[in-house]
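Asker: got a sequence here, can you build the structure:
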Amino acid sequence: MRWLLLVAGAAILAVIAAVVLVLPFGGSEPTAARSPVAKPSSTLPTPKVSEFTDPCGTFDTGEIAPYAVTGYWITPKSNPCTWRKQLQEIHRVGGDTIIRIGYGLQFRTVTASGQVRTKDGEIDSLYQACVEDGMSCHDAAERDLKAANPKNRIGRVYVYRTDEAFGPGLYRCPQMEHSIEAGKRIYYRLITQADGSDDATCDFSSKAQSYDMILVAGSPSDSLRELLDLGDRFGMRIFPALPLAPRDHQTPTRAEKRHIGTLTTLTRRILQDYGRRFADRESLGGVYQPFEVQMSATLASNPTLEVYADQHRIVQQELPGKPILISPYLDARKRVAFGQTPKQVAEGFKALARTGVGIIAPQDSRGTGKVGLFWPDERDTEVDERLRPVVGESTYGTAYHGSTRDYYRAMSEARDQMIDEGHHVQLWANVEVFEPSGDKPCAPTGTRGKTDKQRLDQAVTMAGRYVQKIVSYMWSDFMTCGEPSIEQEVIKDWQRPIAVDAIRRPREADDGVEVRGYNLDLGTVTIQWSGGTEERDIASTGYLDRDPIEEELPEGMAAAWVPFDWTRVPPGEWVRIGVRLPSGQATTEQLHVRIAAPA
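Answerer: Residues are numbered from 1 along each chain as shown. Next comes the predicted model:
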């Protein structure tokens, strides 16, 4: 990823960009280029060796099919060899970023003997093995508190499971906090202030209090250290998950305010430990907050944003320079009360940016059917049949407030405003590599089915113009689902060009068109309009910039220019632009663009 600050040329680009556009539904005219602020650098960690061997086998660290999507979510796995296999597969198709699915902090009750109950009221076997001096870990902790002051007590109990192992940085008061080894688990006993203040005096005797107990079920082997080591091996960046906030029982899409203080304390402890052990690790890219929210105009009132803001402050204290990544979702459906317009989503983006998070990677929501992939001149087209389980038989214009491209454009403009206000935030696209349903579900639960590379290329086309990086939910299950899997399709077809943007751009005395996208080398730009079809070979008639520096672009994106006389196209007419290679591979999703009609 690129993190270089860049400001030169912004004013010139803004003027040129206004000439050509891809119109949104409202008919407003977006600029074709944004004011650059923080261009991602290409200084990713370098793979240590071309291959390495360990008890899991021999793994190569080379790329064989670098694709536009460069980051993936993965799920926790108990077998360390699975981690290695997944990272090798991801790196082969150009992946340089791993985002980990995490676990949630949970409020629990206990039995009369201090055994932790499940949400259903049964004794939770995961924590039953935590025993000290012949008593439950809860009772042993309360005994120790009462020894300091007879009126001390444990008021609330929380549990958190993980496959990580922690160091002494997890503890604030070692005289009251420690680990307990039990079989294949290590339990970490934390005693905290109920308000989340986490008093550093460790004075448990002078004043009687009610404390929170957080019982963490960990692992003797540290999965995060293993992932960071693999990140070093493959030259990748890892985003471990922060604890997920307890949910509001009445509104599960919101964090429960009563528990935010305790969540803040647990987050602080974990990040203090990370800071001591991993702050200098190049492969630690940042941290991921997995609590999802919907992008909406009313998002500022959601208490989950308190979680983001609190955790941002802690990250800046304990891991300076490492960003928090969040991935909210979109819902553009017109027939549901909570569907949001692009303008409303832009307001949600601003609310999120003001919490201090460093990376906002909105889900494109095509996989769930909540947003469609279509152009403004396709509003009257019937929706993709794979979307019908969600929106029925309908046209795109009837089903959705806008397309994926409209939403990412609106968020990109909101990001520019936030940067001007001093909030340095990145906009990534999280493209979903699944369908709402399928004959054979890809995941162990649910109905989500396999998609294909053509549809994935289409998603990249729609979002790639406005973002700094493209990532995908997720590798496990979805990229490896079916025959052929998306992974196999990418390896076979990775060289196919993908165009994400085209603008009118003069070059010296010649009128022309600039096309941005992937795999444009040796390509021919095809331009179709009512007057015919024009083909322009990039190498012989134009030029190719393999690493444009004038603004932020995702890794691997290039810019090609070819001459074209736009006066031949009637004002306001939609023009279709694609790219074809000598191999015959061509963009499967053509760009739909038009120049503005005279005022």
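Asker: now could you export just the CA positions of stretch 210-230 as CSV?
Answerer: This file holds the C-alpha atoms of stretch 210-230, laid out as CSV (Å, rounded to 0.1, in the frame of the first residue of the first chain):
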residue,chain,number,x,y,z
SER,A,210,-17.9,-3.4,42.8
TYR,A,211,-15.5,-4.6,40.1
ASP,A,212,-15.9,-6.1,36.7
MET,A,213,-14.2,-9.4,36.0
ILE,A,214,-13.1,-10.2,32.4
LEU,A,215,-12.2,-13.9,32.0
VAL,A,216,-10.3,-14.4,28.7
ALA,A,217,-10.0,-18.0,27.4
GLY,A,218,-6.8,-17.9,25.4
SER,A,219,-4.4,-20.3,23.7
PRO,A,220,-0.9,-21.5,24.7
SER,A,221,0.2,-20.7,21.1
ASP,A,222,-0.2,-17.2,19.8
SER,A,223,-2.1,-17.0,16.5
LEU,A,224,-1.3,-13.4,16.0
ARG,A,225,2.5,-14.0,16.3
GLU,A,226,2.1,-16.8,13.8
LEU,A,227,0.2,-14.5,11.4
LEU,A,228,2.8,-11.7,11.7
ASP,A,229,5.6,-14.1,11.1
LEU,A,230,3.8,-15.3,8.0
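Asker: determine how far that stretch lies from the middle of the whole chain.
Answerer: Relative to the centre of its chain, stretch 210-230 is centred 22 Å away, using Cα atoms, centre = their mean, to the nearest Å.
Asker: check which residues of it are buried.
Answerer: Residues of stretch 210-230 classed as buried under the neighbour-count rule (16 or more other Cβ atoms under 10 Å) are 211-219, 222-224, 226-230. For glycine as for every other residue, the C-beta is placed from the backbone atoms N, C-alpha and C.
Asker: inside helices: which ones of those?
Answerer: S223, L224, E226, L227, L228, D229, L230 (DSSP state H).
Asker: tell me the SS of A443?
Answerer: Assigned with DSSP: H, G, I helix; E, B strand; the rest coil, A443 falls in the coil class.
Asker: how much space separates the nearest residue to it once chain neighbours are set aside from Y274?
Answerer: What sits nearest to A443 in space, not counting adjacent residues and going by Cβ to Cβ, 6 or more residues apart in numbering, is D477, at 4.6 Å. Going from D477 to Y274 by Cβ to Cβ, to the nearest Å gives 28 Å.
Asker: who has more neighbours, these two?
Answerer: Y274 (25 against 18; other Cβ atoms under 10 Å).
Asker: list the contacts for the closest residue to that one other than its chain neighbours?
Answerer: Once flanking residues are discounted, Y274 sits nearest to L319: 6.2 Å by Cβ to Cβ, 6+ apart. Applying Cβ atoms under 8 Å, 6 or more residues apart in numbering, we find L319 in contact with L271, Y274, G275, A279, L284, G286, V287.
Asker: what's the neighbour count on N519?
Answerer: By the criterion of other Cβ under 10 Å, N519 has 22 neighbours.
Asker: which ones are touching it?
Answerer: By Cβ under 8 Å, 6+ apart, N519 lies in contact with W494, Q495, R496, P497, I498, L581.
Asker: recalculate using a threshold of 7 Å.
Answerer: N519 is in contact with Q495, R496, P497, I498, counting by Cβ atoms under 7 Å, 6 or more residues apart in numbering.
Asker: circling back: V307: which of the ones in helices among the buried residues of stretch 210-230 is nearest?
Answerer: Proximity of those to V307 was ranked by Cβ to Cβ; the top entry is L224 with 20.7 Å.
Asker: right, and the closest one touches A165 too?
Answerer: No - between L224 and A165 there is no contact, the gap being 8.4 Å when judged by Cβ atoms under 7 Å.
Asker: I am finished for the moment; much appreciated.
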